[in-house]
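>>> next come a sequence and a model predicted from it.
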Amino acid sequence: METLLVCRSPEMWRQSFGLLGKSYAYDTTGSFLLGKWLHIPLYPVSLCSAVVDVAIQDYVADVASELIYQNKSQISTEVLFAFPLDPHMAIYSFQAHSEDANIQAMLRDEVQQLHEAAEGWENLEYLRDQSQYPGEVFACFLGTLSPGSEVVVTLRYVQELSREPDGAARFVLPPTLHPYTKLYAWNCLSSKLHYSLLLTASLQSPRGVANVQANFTLTPLIYTAQDRSTAQAPLLQVSLAGSPPSKHDLELLVYFGDPSAVSAVVEKGDPGAPPGSLLGDPMVLVMLAPSIPEAVPGQRQSGEFIFLLDTTFLEHAQGSLLFLLKSLPLGCYFNIYCYEETSVGIYPRSVEYTQENLTEAMRRIPSTSSSLGDTNLLGTLRSVYNTPRPHGHTRQLFIFMAGLPPDKEAIAAEVCHHRNNHRCFSFCFSEDSAALAMALAKETGGEATYVSSDNRMAVVVLKCLKQALKPAAEGVSLSWTLPRGLEVEVLGGTPQSIFQGQHSLLYAQIHGQAQDMTVAKGTMTLQYSLDGQDVTHTIEFPLCPKGDGRLAGHRLAARCLLKRLLPEAVSGSGDEPRQRAVEISLTSGIICPFTSYVGVRTSQRVTWYRRLLALLPPRQSLIPCQVIELRGSHKVSSCYGVSIWVPPGWLTAVRASWLALRQLTHGIAALPQQGACSKACKPPRQSISSLKYVDPTEFVFCSSIFGRQCSEAIAECQELVALQNADGSWALSSRLASVLEVHEAEIKGKMPGEVMEPSIWATVLAVTWLHRHDKCYQDLCELLEAKAVTWLCSRAVPQLDKCLEAANTLLGSSVKPSVFRL
């Protein structure tokens, strides 16, 4: 059986970067552009110390860092600061201070186009070309650093923290703030770091802080409140020179008291912001994490599965589609759209998964493409969204794209508009459609896969189906009870479904004024359906806002709201939505597609003429400062059995929605690449689409040997799978005997006398055949085999062990009883 190998470059966020320099011999300072011609590599400037203060409030974090770098070379060096961006991270403040200048990154409305006045944008292009790994980075050119001089970088960002299965909030210190790599930080003779690190963390939760774990030494927690709702955790290691941690990344796991399905914490607003504004009113950080038990494979299961097929793809994937449909569980609903021919499904609306409906669906599916015109995926998606889904069934789309649709931007916009109502599993079979597939999956919380070989298709699709079959909390809703005078607004809406292993962090803003907020309390009720049973969780939380004034929740809420404002901003309904987006971006410090960074450099006067020119304002100039997309040149880094591409950074994903909603379907000859410079070396304008070029070699690798093995396995068991009924059973027939390579009369003659139904004997034989000693069809037949075993168990066969013994004898196999749950 094929083993799917995927090669993915290390995540951009795992790269250290920090302050990068490039110098020349003969004590001369060259330009980055000259360095590009001469192929002069960038190198990390020495980090002397790092002071990092982390404020964690439930599942959001605000990180303030101060980094001191020193040019320890004997010649001047041009320096550039680069910070890799995690998809859940947003920078809101950046400053740099040297002996001759102060630099501050500022957001501006793109309409002003102030960044075009700055010089030296080719420096960012040089960084983009020099980087081995693709990804999104914040980069700012800081100028020239003389020998022995220092530069102090102050960086602040907010981040959503991942929630572990046990309820812990997980924080990882970026490698830029702790560049723990042999090439950068280690002295080979002394094995000591060349820099000091002071890391402190303040933790806050209305549920209390129960425990903190780390992969390095911690000092005891210092609780600053009697109810243990607040704690400070300074670390033992002021300097890491003596005993560095054992791992490259410093990780914190924060455990809160009473882990539950729902939590809420109120963050106070900015006293300086006007009431009613995004930053002025309190913000409720809501974590939804329902406890969803594992589903037993093969049992009845709810869900709506809709397959959108390019009929060109059908020419090469009939076998894969067979395995996919046969693996669906009883109890679900399904429908199939062949969108190159029509936008109408095989059925007017999804139907229950039964043998009759499955047989009819297989009969109606065209075997080859009868149309050479443009695909109509957009119309098909609109048809799907306009069709009501069955009550109590979570909708999931499986979208197969043989090529790139011409209206890709409008497709992304349509999926984005319905992101809370479903999720997409997208499969692309050409290099040009990989970016669209990734964007659709990311917007809805699904998965995207690039399939480079027809032979691998069945395995890839079935792996995604197993993910889709995870149980979900359905019909999710939130209700609020607040004191008179207050109302709540959930920014971005509430998802209708939350799948096992997933969680949802929501931002809800409280508007209005209560009589006494210091003692007021609110009540929030989470309701959902799990396996047909209604579940309700109610929590009470104090409305007295807390927080240290750093507004981490508000800034992340701004990022969320900016994404939701984009459809209105480009719908042609006026300039008000766009103006609001710009206002939110500028006041919160969170970049959006309508704003861009510009570096403002303020020169320091030298001592001898400072007094003479004290009355004159300091000289200011604009310097390159931007979020750019690095191309990456490192193709092969690691191979492992994962088929899903890592999603891009947040800003890149938002830009996809912006460009999609503009429906720019004309004149796009190639997917845009961020950070490109024009011939005149103008600044790399921010591309507002994540439908960028995606090199499949960066995340998918498959050996032709594995492809041939998979193709042979499909051919061997495809006929047997075609004979399986929707309930998982097989009928005793001459066709089954032909597949088993045993005469039908011999099969009937060897049937144990205790077996009353021939289909039971036939099903035992089929499952045993799939487990022959020299074959393994686990990846292909795991789901449909689970259905078969569940069907056998439901028949309560008393002599199943004797049936298995007889089947092993007849087929010459040695299948163990555990296969049949004995």
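That came through, no problem. Residues are numbered from 1 along each chain as shown.

>>> report the contact partners of the closest residue in space to S277 that isn't next to it in sequence.
Among residues not flanking S277 along the chain, T587 sits closest, at 7.5 Å (Cβ to Cβ, 6 or more residues apart in numbering). Any C-beta I mention is one placed from the backbone N, CA and C, and that applies to glycine too. T587 makes contact with 273, 277-279, 558, according to Cβ atoms under 8 Å, 6 or more residues apart in numbering.

>>> can I get the CA coordinates of the helix or strand hosting T587 in CSV?
For T587, the host element (DSSP states H and E) is helix 576-588. Provided in CSV are the C-alpha atoms of helix 576-588 (Å, rounded to 0.1, in the frame of the first residue of the first chain):
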residue,chain,number,x,y,z
GLU,A,576,-18.1,54.1,4.6
PRO,A,577,-17.1,50.5,5.2
ARG,A,578,-13.6,51.1,3.8
GLN,A,579,-13.2,54.2,5.9
ARG,A,580,-14.2,52.3,9.0
ALA,A,581,-11.7,49.6,8.2
VAL,A,582,-8.9,52.2,7.8
GLU,A,583,-10.0,53.8,11.1
ILE,A,584,-9.9,50.5,13.0
SER,A,585,-6.5,49.6,11.5
LEU,A,586,-4.9,53.0,12.3
THR,A,587,-6.3,53.2,15.9
SER,A,588,-5.5,49.5,16.8
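
>>> next SSE after it?
As assigned by DSSP H and E, the chain's next helix or strand after helix 576-588 is strand 595-603.

>>> and that following strand, what's buried?
For strand 595-603, the buried set under the neighbour-count rule, 16 or more other Cβ atoms under 10 Å, comprises 595-601.

>>> and the angle from it to helix 576-588?
40 degrees (axes from the mean of the first three to the mean of the last three Cα atoms, to 10 degrees).

>>> same for strand 595-603, what does it pack against?
Judged by 3 or more Cβ pairs under 8 Å, 6 or more residues apart in numbering; DSSP states H and E, strand 595-603 is in contact with strand 101-109, strand 135-145, helix 576-588, strand 620-623, strand 625-630.

>>> backbone phi and psi for V488, please?
Main-chain dihedrals, V488, degrees, to the nearest 10: phi -120, psi 140.

>>> residues in contact with it?
284, 480, 482, 508-511, 522 are the contacts of V488 under Cβ under 8 Å, 6+ apart.

>>> if we can go back for a sec, check the gap between the residue nearest to S277 and T595 for me.
11 Å (Cβ to Cβ, to the nearest Å).

>>> and N808, that one's in a helix?
Yes: under DSSP: H, G, I helix; E, B strand; the rest coil, N808 sits within a helix.

>>> so it sits right up against K816, yeah?
No: with contacts counted by Cβ atoms under 8 Å, N808 stays clear of K816, the gap being 9.6 Å.

>>> what's the helix or strand for L505?
Per DSSP H and E: strand 504-512 holds L505.

>>> what's the closest non-adjacent residue to K750?
Closest to K750 by Cβ to Cβ, 6+ apart is L810, at 5.0 Å.

>>> what about the one you found, neighbour count?
Residue neighbour count, defined by other Cβ atoms under 10 Å, stands at 19 for L810.

>>> residues contacting it?
By Cβ under 8 Å, 6+ apart, the contact list for L810 reads 742, 746-747, 750, 765.

>>> helices of the stretch 151-300 of the chain, residue ranges please.
Listed in chain order, the helices of the stretch 151-300 of the chain (DSSP state H, counting those that start in this stretch) span 182-185.

>>> quick one: low-confidence parts of it?
Within the stretch 151-300 of the chain, the segments meeting pLDDT under 70 span 180-193, 225-248.

>>> what segments of it are strands?
Using DSSP state E, counting those that start in this stretch, the strands found in the stretch 151-300 of the chain span residues 162-163, 169-172, 196-204, 209-214, 222-223, 230-234, 251-256, 262-267, 283-288.

>>> can you redo the ones you listed as a markdown table with distance to W730 and mean neighbour count?
Shown next, in a markdown table, are the strands of the stretch 151-300 of the chain (distance: least, Cβ to Cβ, whole Å; neighbours: other Cβ atoms under 10 Å):
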| stretch | distance to W730 | mean neighbour count |
| --- | --- | --- |
| strand 162-163 | 43 | 17 |
| strand 169-172 | 46 | 19 |
| strand 196-204 | 58 | 21 |
| strand 209-214 | 51 | 17 |
| strand 222-223 | 64 | 13 |
| strand 230-234 | 60 | 19 |
| strand 251-256 | 49 | 21 |
| strand 262-267 | 45 | 23 |
| strand 283-288 | 42 | 24 |
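
>>> what's the closest of these to F17?
strand 169-172 (15.8 Å; Cβ to Cβ).

>>> for the closest one, give me every contacting residue.
54, 56, 58-59, 61, 159, 161-164, 201, 249-254, 256.

>>> redo the helices and strands packed on strand 595-603 as a markdown table? Include mean pLDDT.
A markdown table is the format used below for those (pLDDT from 0 to 100):
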| stretch | mean pLDDT |
| --- | --- |
| strand 101-109 | 89 |
| strand 135-145 | 86 |
| helix 576-588 | 88 |
| strand 620-623 | 81 |
| strand 625-630 | 82 |
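
>>> tabulate the ones you listed (a markdown table), appending distance to Y339.
Formatted as a markdown table, the helices and strands packed on strand 595-603 follow (distance: least, Cβ to Cβ, whole Å):
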| stretch | distance to Y339 |
| --- | --- |
| strand 101-109 | 40 |
| strand 135-145 | 32 |
| helix 576-588 | 31 |
| strand 620-623 | 48 |
| strand 625-630 | 31 |
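
>>> tell me which of these approaches Q533 most closely.
With Cβ to Cβ as the criterion, Q533 lies closest to helix 576-588 of the helices and strands packed on strand 595-603, at 40.4 Å.

>>> buried residues, that closest one. List them.
For helix 576-588, burial by neighbour count (16+ other Cβ under 10 Å) applies to 577-578, 580-582, 584-588.

>>> over to stretch 750-757?
So stretch 750-757, judged by 16+ other Cβ under 10 Å, has buried residues 751-752, 755.

>>> what's the answer for stretch 491-509, then?
Buried residues in stretch 491-509, counted by 16+ other Cβ under 10 Å: 491-492, 494-500, 502-509.
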